[in-house]
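>>> A predicted structure for the sequence below; I have some questions about it.
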Amino acid sequence: MGTPDFAAKSLEALIENKYEVAAVFTKADKPVGRGMKTEFSPVKKLALENGIKVYQPVKLRDESIYDTIREIAPDIIIVVAYGKIIPPEILEIPKYGCINVHGSLLPKYRGAAPIQWSVLNGDRITGVTTMYLSEGMDEGDIILKEETEIGEFETAGELFDRLMVMGADLLIKTLKLIENGTAPRIPQDHSAATYVKQLDKSLCPIDFTKAPRSCIKQIYGLQPWPVATISNGDITYKVWSAKYTDTETKLAPGTVISSSDEGLEVACGDNGSIIITSIQAPGKKRMDYADFLRGHKSFSAGDVLR
């Protein structure tokens, strides 16, 4: 049971390791793009390419769905970024239970978008967890964890791609332990749990009142979507990259210190600053700030960005 690329990588690992995938459950097809063309999920595409039966129920709380899964009679159900809560009636069906691959070190970052929030919050370490599913969201017993460092300028998208591979590998290790009867069940410390929500565009404007590192992490944590922004007057620009400076300033946060081929230097909290090195004007392509300057004269020292 899964939907996006993160889940497709785990399905690919199952296929490559010769596991019999009896069926795939994925979310309904949806129209995308300007032409609203119907597009299959990455999991559905991969399943069809490999001759695997695909189910796309609108809801799982349905007796006919329970009957379908009972007929399939899976030894185990694997859930990876499916996007639906699994009801207890389904959790009880497979002989070896339902397991999940989650993109954080549980109990930290239960819920949606854990990878993006690990970057946004400036974490230095993250990882993936496999666990047994329970009725509560991401509350089940832990089987395995694997850690990795987050690069200082690593985007959430880049981290997503790495954890996607790590998660698929950890899934195979987990299945082998379950097959051998040696899989641990480690209860989570619920008192240490944190929850995160989906991203939205309200997070985009860079909060220059925060310290330089928080501003940097906002820029890299919001990629590839929804992307950090700055506004100067009525124009809003997307910000794709930035770097630290040694500048100490008493200027108000958000004030432009300088605009040069090196980048756009902006005052932040804690008397620091960052240099924005890649920017995108409305309706234009992303470009290095030096290239941006050749066709735009939009920023001047003293401008206050928001």
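Good, I have the coordinates.
>>> buried residues in the strand or helix carrying Ser64?
Mapping Ser64 onto the secondary structure by DSSP states H and E places it in helix 63-72. Buried positions in helix 63-72, judged by neighbour count with 16 or more other C-beta atoms under 10 Å: 65-66, 69. All C-beta atoms are positioned from the backbone trio N, CA, C, and that covers glycine.
>>> Of the residues you listed, just say which sits nearest to Phe292.
Ile65 (52.3 Å; C-beta to C-beta).
>>> For that closest one, list the residues it contacts.
Contact partners of Ile65, counting by C-beta atoms under 8 Å, 6 or more residues apart in numbering, are 57, 59, 90.
>>> And it, how close does it get to Lys9?
25 Å (C-beta to C-beta, to the nearest Å).
>>> Over to Lys45?
Relative to Lys9, and taking C-beta to C-beta, Lys45 is found at 13 Å.
>>> Check Asp270 too.
39 Å.
>>> And those two? Which one has more around it.
Neighbour count, other C-beta atoms under 10 Å: between Asp270 and Lys9, Lys9 has more, with 25 against 13.
>>> buried set for the strand or helix carrying that one?
Element membership for Lys9 (DSSP H and E) is helix 5-16. Within helix 5-16, the residues scored as buried using 16+ other C-beta under 10 Å are 6-11, 13-15.
>>> Ala301: which of these is nearest?
For the buried residues of helix 5-16, the residue nearest Ala301 by C-beta to C-beta is Phe6; the value is 43.5 Å.
>>> Contacts only, for that closest one.
Taking C-beta under 8 Å, 6+ apart, we find Phe6 in contact with 80-81, 103, 160, 163-164, 167.
>>> What about the residues you listed, which are in helices?
Members of those lying in helices (criterion: DSSP state H): 160, 163-164, 167.
>>> I'd like the residues you listed as TSV, with pLDDT, distance to Thr247 and neighbour count appended.
Putting the ones in helices among the contacts of Phe6 into TSV (pLDDT from 0 to 100; distance: C-beta to C-beta, whole Å; neighbours: other C-beta atoms under 10 Å) gives the following:
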residue	pLDDT	distance to Thr247	neighbour count
Phe160	98	32	19
Leu163	98	34	25
Met164	98	37	22
Gly167	98	40	25
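>>> Can you pick out the most distant pair from the residues you listed?
Maximum distance among these (C-beta to C-beta): 10.1 Å, for Phe160 and Gly167.
>>> Overlap of the contact sets of those two?
Counting by C-beta under 8 Å, 6+ apart, the residues touching both Phe160 and Gly167 are 6, 103.
>>> quick one, strands of the stretch 151-300 of the chain?
With strands called from DSSP state E, counting those that start in this stretch, the stretch 151-300 of the chain shows them at 195-196, 229-232, 235-244, 256-260, 263-267, 273-280, 287-288.
>>> Return the list of helices and strands in contact with the longest one.
It stands for strand 235-244. Other helices and strands packing on strand 235-244, by 3 or more C-beta pairs under 8 Å, 6 or more residues apart in numbering; DSSP states H and E, are helix 212-221, strand 229-232, strand 273-280.
>>> Go ahead and confirm Asn17 touches Ile172.
Yes - the pair Asn17 / Ile172 is scored as a contact, 5.5 Å apart, by C-beta atoms under 8 Å.
>>> neighbour count winner among those two?
Ile172 (15 against 12).
>>> list the contacts for that one?
Taking C-beta under 8 Å, 6+ apart, we find Ile172 in contact with 13-14, 17.
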